[in-house]
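Q: Give the three-dimensional model of this entry:
(one chain, ligands or ions: 2)
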Amino acid sequence: MSNEKYTAIILAAGKGRRMGTDVPKQYLELDGHPILFYAIEAFEKSPVQDIVLVTGDDEIDYCKEKIVKRYGFSKIRTIVTGGKERYHSVYEGLRACENTDYVLIHDGARPFVNAEMIQNAMQEVKKYDACVCAVPAKDTIKISDENNFTKETPDRKYMWIVQTPQTFSYTKIKTAYERMLESSDVSVTDDAMVMEQFGSQKVKLIMGDYNNIKITTPDDLIAGAAILKSRREMKGRFKMEREFWEQGFRNRDLETGI
Ligand code: CTP
Ligand code: MG
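A: Numbering: from 1, shown residues only. Ligands and ions are numbered 1, 2, ... in the order given. Alright, predicted model coming up:
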């Protein structure tokens, strides 16, 4: 791609409280593989050079054995322990990066990130230094008061559902995180917010994918299984189409002798 170095930070240190299972949701199986496997696989196959995996303290051995070794991943440079909140985990991931120009911060609970999204983020971050994947909101979004009465209806054309990867210049996001951690009042839910509030860079929204869902509650497992199934069928269909065309070319070669 270029000489720049890219590192993916994959977050898997959450407890998955909204899922309500004993095992944190990123280790639940979807189609025979832990949910976390899918995101790692996408980055492993992408042009990023390094992956930093952030997990719970007592999950490091599990990840080494049941994920890195089992699937033969070769880009995971290190596995570090996360923190109490997502932003603590991100900061631990940032601290563990080695000489990188850009970081792609990704939720391990988003298994359906794909090659196009990763490549697009890698391109766009060179232009903007801060870009996050998002999709236009399809529904009308309401802002309510504390009693759930509607207060405001922002114009839908400016509403986006934000996803990961969120991709940044390494020095700019690390500086923003350090400033945030020095402040007393922290309430951020994604990395873009850290840049907006404590950083120097405007954040560009780039196209994500409606299938790039975060597995959060049990119904997301059903949606996830459906997405995987449709992916498999698509693959099957593309394979059939490719075989059809290749066969056509072979026949033509035989006919024309070219
Ligand atoms: N995450 C993390 N460290 C934390 C909290 C979250 O690494 N302290 C990770 C999760 O593992 C997940 C991603 O950040 O991949 C997005 O977080 P979320 O969906 O909120 O996951 P959980 O915090 O695990 O779930 P819940 O909020 O329901 O407890
Ligand atoms: Mg959470």
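Q: My read is that residue 223 contacts residue 213, right?
A: Yes: taking CB atoms under 8 Å as the definition, residue 223 is a contact partner of residue 213 at 6.1 Å. Backbone N, C-alpha and C define where each C-beta goes, glycine included.
Q: pull the longest strand from the protein.
A: strand 160-169 (DSSP state E).
Q: Which strands or helices does it pack on?
A: In terms of contacts (3 or more CB pairs under 8 Å, 6 or more residues apart in numbering; DSSP states H and E), strand 160-169 is packed against strand 102-107, helix 115-128, strand 130-136, helix 191-198.
Q: touching ligand 1 at all, the third one?
A: No: where contact is defined by CB under 6 Å from any ligand atom, no part of strand 130-136 touches ligand 1; the two come within 13.9 Å at best.
Q: Residues of the stretch 151-258 of the chain that sit close to ligand 1?
A: Counting by CB under 6 Å from any ligand atom, the stretch 151-258 of the chain sits next to ligand 1 at 214, 216.
Q: For the stretch 151-258 of the chain, which segments are assigned as strands?
A: 160-169, 204-207 (DSSP state E, counting those that start in this stretch).
Q: Can you give me the buried ones in the first one?
A: Within strand 160-169, the residues scored as buried using 16 or more other CB atoms under 10 Å are 161-169.
Q: hmm, back to that, could you check which of residue 223 and residue 213 has the larger neighbour count?
A: Using other CB atoms under 10 Å, the more surrounded residue of residue 223 and residue 213 is residue 213, with 17 against 14.
Q: Make sure that one is actually in contact with residue 225.
A: No: with contact defined as CB under 8 Å, residue 213 does not reach residue 225; the gap is 11.7 Å.
Q: ok so, going back, mind putting the strands of the stretch 151-258 of the chain in a markdown table, distance to residue 146 included?
A: Below are the strands of the stretch 151-258 of the chain laid out as a markdown table (distance: least, CB to CB, whole Å):
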| stretch | distance to residue 146 |
| --- | --- |
| strand 160-169 | 24 |
| strand 204-207 | 29 |
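Q: Make a markdown table from those and add mean pLDDT to it.
A: Putting the strands of the stretch 151-258 of the chain into a markdown table (pLDDT from 0 to 100) gives the following:
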| stretch | mean pLDDT |
| --- | --- |
| strand 160-169 | 98 |
| strand 204-207 | 97 |
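Q: Skipping adjacent residues, who's closest to residue 118 in space?
A: Distances taken as CB to CB, 6 or more residues apart in numbering put residue 46 closest to residue 118, at 4.3 Å, once the chain neighbours are dropped.
Q: My read is that that neighbour contacts residue 119, right?
A: Yes: using CB under 8 Å, residue 46 is in contact with residue 119, at 6.9 Å.
Q: neighbour count winner among the two?
A: Just comparing residue 46 and residue 119: by other CB under 10 Å the higher neighbour count belongs to residue 46, 23 against 14.
Q: That one: what's it in contact with?
A: 8, 115, 118-119, 122 (CB atoms under 8 Å, 6 or more residues apart in numbering).
Q: Select only the buried ones of those in ChimeraX?
A: Selecting the buried subset of these in ChimeraX, with 16+ other CB under 10 Å as the burial test, is done by:
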select :8,118,122
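Q: if we take the contacts of residue 46, which one ends up nearest to ligand 1?
A: Using CB to the nearest ligand atom, residue 8 is the member of these that lies nearest ligand 1, at 12.9 Å.
Q: which stretches of this protein have low pLDDT?
A: 1-2, 237-258 (pLDDT under 70).
Q: Please work out which residue of it is closest to ligand 1.
A: Closest point on the chain to ligand 1, by CB to the nearest ligand atom, is residue 14, at 2.0 Å.
Q: Skipping adjacent residues, who's closest to that residue in space?
A: residue 24 (6.4 Å).
Q: Now for the one you found, how many residues are close by?
A: Residues within reach of residue 24, counting by other CB under 10 Å, total 21.
Q: related to what we said a few turns ago, CA atoms only for the longest strand of the chain - export them in PDB, please.
A: Only the C-alpha atoms of strand 160-169 are listed here, as PDB (Å, rounded to 0.1, in the frame of the first residue of the first chain):
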ATOM      1  CA  TRP A 160     -25.100   8.900  11.300                       C
ATOM      2  CA  ILE A 161     -24.700   5.600  13.100                       C
ATOM      3  CA  VAL A 162     -21.100   5.400  14.100                       C
ATOM      4  CA  GLN A 163     -19.100   2.200  13.900                       C
ATOM      5  CA  THR A 164     -15.500   1.100  14.100                       C
ATOM      6  CA  PRO A 165     -12.800   1.000  12.800                       C
ATOM      7  CA  GLN A 166     -12.000   4.500  13.900                       C
ATOM      8  CA  THR A 167      -8.700   5.500  12.300                       C
ATOM      9  CA  PHE A 168      -6.200   8.100  13.300                       C
ATOM     10  CA  SER A 169      -2.800   9.500  13.100                       C
END
